[in-house]
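Engineer: any chance you could fold what I've pasted below:
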Amino acid sequence: MERKITFWHILIVATVMSSALWTGAGTGQPTVARDDHDHEPLDPQVMKIMKGAPYQHSAWGLLEVDPANERVIHALAPDQFFVPGSITKLFSVSAALAKLGFGYRFTTPVYALGNRDGVTLNGNLVLVAQGDLTLGGRTQADGTIDYTPIDHTVANTGLAATLTPEDPLAGINQLAQQVRAAGVTQVKGDVLIDDRLFLPDPYLVGAPVPISINDNLIDVIFTPGAVGALASVQWRPQVAPYHLEGQVTTVATGQPTTVGVQTFPDGRVLVSGQIAADAGAQVRTGAIIDPAAFARTALIEALGRAGVTVSATATGVNPVAQLPVDRTYPGAPQIAAYVSPPFSEYAKLILKVSHNVGGNLMLCLMAVQTGSTDCEAGFPAILSFLGQAHIDQSQVALADGRGEDPVNHVTPQATVDLLRYWLTRPEAATFRQMLPDLGVDGGLANVCANCPAKGKVFAKTGLVLRGDSLNYRFIQDQAYAGYLEAKPGQFLPFAIFVNGAFVPPDISSALKVYSEVGEIAAQLQQEAARKPRE
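Structural biologist: Got it, this is the predicted structure:
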């Protein structure tokens, strides 16, 4: 499918094409020196990694600065374009934080349309989706949003994903209980989901939708039994008409694990494959085919558990034809509402686990703030943020919010300038803590877990793998960008990019490059900690 080109795409591309004509003119702040020779030499350990076998034909970019005096500490090709991968999320999330605010909360209301006769509603209940990414399904008792080092959204890649313990239906259950608390015990009508906040964007890979329960995924957990026996299979969230079919056999230790999940429009959740006896619990996911229909059924079932009967059949399509034409509900009483944690918690989730749908959701939410239902209208908000943050827009090219689109390119300079911007803001500590912490949590939980830099590097990562069919290998682009804690309370923004590493076509080889770039970040942190700074 050919991507739609809007005015804003043309403007952004035009500024990128003109980047050779100017270097930061009009940015409104001193430009960090771009002379590759005006900096400290890289540590021999760093150079040893950069000269390793995977990087024989690679391009490296690196920038580390001291924000206290604007001095460049290390630099390699700081003004050259690199593939950012999920570093893109630093830009989309930052723009959304600036647009919506750290404290913004989603309020997902339920309206009663019709006539109330005591405990009976003669009409419909309508849940109006507001783009809440988790809808209470990860919210902990303290109001924070939970996450694990490897999220279930990437479970099918072969990584060892784990699930958060919270009930994915928690928000839906709360809404149902509020309806009952409002005195309604019978709905003589239907339950509708108004999911018209924004339109699904066909040009975004992994396009978000306004209603999301459990990331619109069915989780399946496989646990091996004795060799030759069937594996134990559990799944969530259990909402009609979804039901398990198929089976998985336990095979001998050391045999490959090939469990898989496929969902179908009729509700079948087909499980198949085999699991090694020593594999431990394995998580796989299947897509919820129709998120609005799923949410409708989930709410009807939750109402039943709360003591509210609904005359309409629980399963089936979402009857959108019964919704108000203009998506407004004047005069209709709001009888329930789920209020989310602050938006900063969502930003943390997206950055900690590199939540891809969440990255693209940022575009859609910014578009909504302008009154548009077209997610493409979120790009002007990013452009506005670049100006606000004094970032040279010619050094940023984006076509999505997650880092999947091949158009996406950024320079180390623009990335570090973004990070420096947040250091000047009152929310500096909050933003830094949204990033994965080396050896501690998020996407860096298993990188450098026992090295001296553990807990002292806060960085978003980006990884892009492309298959080289000719040579039967992966071509890998890898990036790290964030902050090095040089001294307690002293943080140095940095960005590291490598494009064109080549590795064997297996995930363990790709993770080795992922870890080696993390080791470079750790070396930079240790060097910064050893040297006095002004």
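Engineer: from now on I want contacts and neighbour counts done on CA atoms only, so please keep to that.
Structural biologist: OK.
Engineer: just how off-centre is stretch 95-102 within its chain?
Structural biologist: In terms of Cα atoms, centre = their mean, to the nearest Å, the centre of stretch 95-102 is found 16 Å from the chain centre.
Engineer: go on, stretch 343-353?
Structural biologist: 7 Å.
Engineer: and for stretch 87-106?
Structural biologist: With Cα atoms, centre = their mean as the basis, stretch 87-106 stands 12 Å off its chain's centre.
Engineer: now what about it, what contacts it?
Structural biologist: Stretch 87-106 is touched from outside by 130-132, 338-344, 347, 350-351, 354, 359-360, 362-363, 365-366, 381-382, 385-386, 398, 401-403, 408, 418, 460-462, 479-481, with contacts defined as Cα atoms under 8 Å, 6 or more residues apart in numbering.
Engineer: in helices only, show me those.
Structural biologist: For these, the ones inside helices are 343-344, 347, 350-351, 359-360, 362-363, 365-366, 381-382, 385-386, 418, with DSSP state H as the criterion.
Engineer: which of these lies closest to residue 490?
Structural biologist: The shortest approach to residue 490 among the ones in helices among the contacts of stretch 87-106 belongs to residue 418, at 17.1 Å (Cα to Cα).
Engineer: direction included, what does the helix or strand containing residue 491 pair against?
Structural biologist: Taking DSSP states H and E as the definition, one finds residue 491 inside strand 490-503. Paired with strand 490-503 in the same sheet, following DSSP bridges, are strand 59-66 (antiparallel), strand 473-487 (antiparallel).
Engineer: buried stuff in that strand?
Structural biologist: Neighbour-count burial for strand 490-503 flags 491-503 (criterion: 16 or more other Cα atoms under 10 Å).
Engineer: contacts for it, please.
Structural biologist: 54-67, 82-84, 412, 415-416, 419-420, 473-486, 509-510, 517, 521.
Engineer: could I have the buried ones of those as ChimeraX selection syntax?
Structural biologist: ChimeraX command restricting the contacts of strand 490-503 to the buried ones, with burial defined by 16+ other Cα under 10 Å:
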select :54,55,58,59,60,61,62,63,64,65,66,67,82,83,84,412,415,416,419,420,473,474,475,476,477,478,479,480,481,482,483,484,485,486,510,517,521
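Engineer: report pLDDT for residue 327.
Structural biologist: Reading off the per-residue confidence, residue 327 sits at a pLDDT of 86.
Engineer: low-confidence ranges in the chain?
Structural biologist: 1-38, 533-534 (pLDDT under 70).
Engineer: tell me which stretches of it form helices.
Structural biologist: Secondary structure of the chain by DSSP H: the helices cover 7-17, 44-50, 88-100, 170-181, 291-306, 343-353, 356-369, 379-388, 412-423, 428-434, 507-530.
Engineer: now the fourth one: how far from the chain's centre is it?
Structural biologist: If you compare the mean C-alpha spot of helix 170-181 with that of the full chain, they lie 27 Å apart, counting by Cα atoms, centre = their mean.
Engineer: number of residues surrounding the closest residue to residue 233 other than its chain neighbours?
Structural biologist: Taking Cα to Cα, 6 or more residues apart in numbering, and ignoring the residues beside it in sequence, residue 233 has residue 222 as its nearest neighbour in space, at 4.8 Å. Residue 222 is flanked by 25 other residues according to other Cα atoms under 10 Å.
Engineer: check contacts around the most centrally placed residue in the chain.
Structural biologist: A centroid search over the chain (Cα atoms, centre = their mean) returns residue 355, at 1.8 Å, as the residue closest to the centre. If a contact means Cα under 8 Å, 6+ apart, then residue 355 has 153, 349, 402 as its contacts.
Engineer: chain neighbours aside, what residue packs nearest to the last one?
Structural biologist: In space, and not counting its chain neighbours, residue 402 is closest to residue 359: 4.4 Å by Cα to Cα, 6+ apart.
Engineer: same list, the buried residues of strand 490-503, but as CSV with distance to residue 437 please.
Structural biologist: Written out in CSV, the entries for the buried residues of strand 490-503 read as follows (distance: Cα to Cα, whole Å):
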residue, distance to residue 437
491, 13
492, 15
493, 14
494, 14
495, 15
496, 16
497, 18
498, 20
499, 23
500, 26
501, 24
502, 27
503, 26
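Engineer: closest one of the residues you listed to residue 242?
Structural biologist: When those are ranked by distance to residue 242 (Cα to Cα), residue 503 comes first, at 39.9 Å.
Engineer: beta-bridge partners for residue 115, please?
Structural biologist: On the basis of DSSP bridges, residue 115 takes part in beta bridges with residue 122.
Engineer: and the gap between it and residue 447?
Structural biologist: Note on residue 115: its distance to residue 447, by Cα to Cα, to the nearest Å, is 59 Å.
Engineer: so between these two, which is more surrounded?
Structural biologist: Neighbours of residue 115 and residue 447, each counted by other Cα under 10 Å, are more numerous for residue 447; the result is 23 against 12.
Engineer: tell me the contacts of that one?
Structural biologist: The neighbours of residue 447, taking Cα under 8 Å, 6+ apart as the test, are 438, 439, 515, 518, 519.
Engineer: any idea how far it is from residue 412?
Structural biologist: Spatial separation of residue 447 from residue 412 under the definition Cα to Cα is 22 Å.
Engineer: got it, and residue 168?
Structural biologist: Taken as Cα to Cα, the span from residue 168 to residue 412 is 38 Å.
Engineer: please tell me how far stretch 472-487 is from the chain's geometric centre.
Structural biologist: With Cα atoms, centre = their mean as the basis, the distance from the averaged C-alpha position of stretch 472-487 to the chain average is 17 Å.
Engineer: buried subset of the contacts of residue 355?
Structural biologist: Buried residues within the contacts of residue 355, counting neighbours by 16+ other Cα under 10 Å: 153, 349, 402.
Engineer: residue 313: which of those residues is nearest?
Structural biologist: residue 153 (30.7 Å).
Engineer: wait, the closest one touches residue 216, no?
Structural biologist: No: judged on Cα atoms under 8 Å, residue 153 makes no contact with residue 216 at a distance of 9.6 Å.
Engineer: picking that back up, out of the ones in helices among the contacts of stretch 87-106, grab the one that's most surrounded.
Structural biologist: Ranking those using other Cα under 10 Å puts residue 362 first, with 32 neighbours.
Engineer: does that residue touch residue 401 like I think?
Structural biologist: Yes: in this structure residue 362 lies within contact range of residue 401 using Cα under 8 Å: 6.7 Å.
Engineer: so what's the residue count around residue 380?
Structural biologist: When counting by other Cα under 10 Å, one arrives at 20 neighbours for residue 380.
Engineer: domains for this protein, by residue range?
Structural biologist: In the domain annotation for the chain, the residue ranges read 39-102+344-530, 107-343 (automatic domain parsing).
Engineer: what's the most buried one of the ones you listed?
Structural biologist: For the domains of the chain, the stretch with the most neighbours on average is domain 39-102+344-530, a mean of 21; neighbours defined as mean count of other Cα atoms under 10 Å.
Engineer: contacting residues around the nearest residue to residue 210 once chain neighbours are set aside?
Structural biologist: Taking Cα to Cα, 6+ apart as the measure, residue 210 lies nearest to residue 131, with 4.3 Å between them; neighbours along the chain are not counted. Under the criterion of Cα under 8 Å, 6+ apart, the contact list for residue 131 reads 106, 197, 209, 210, 211, 212, 361, 365.
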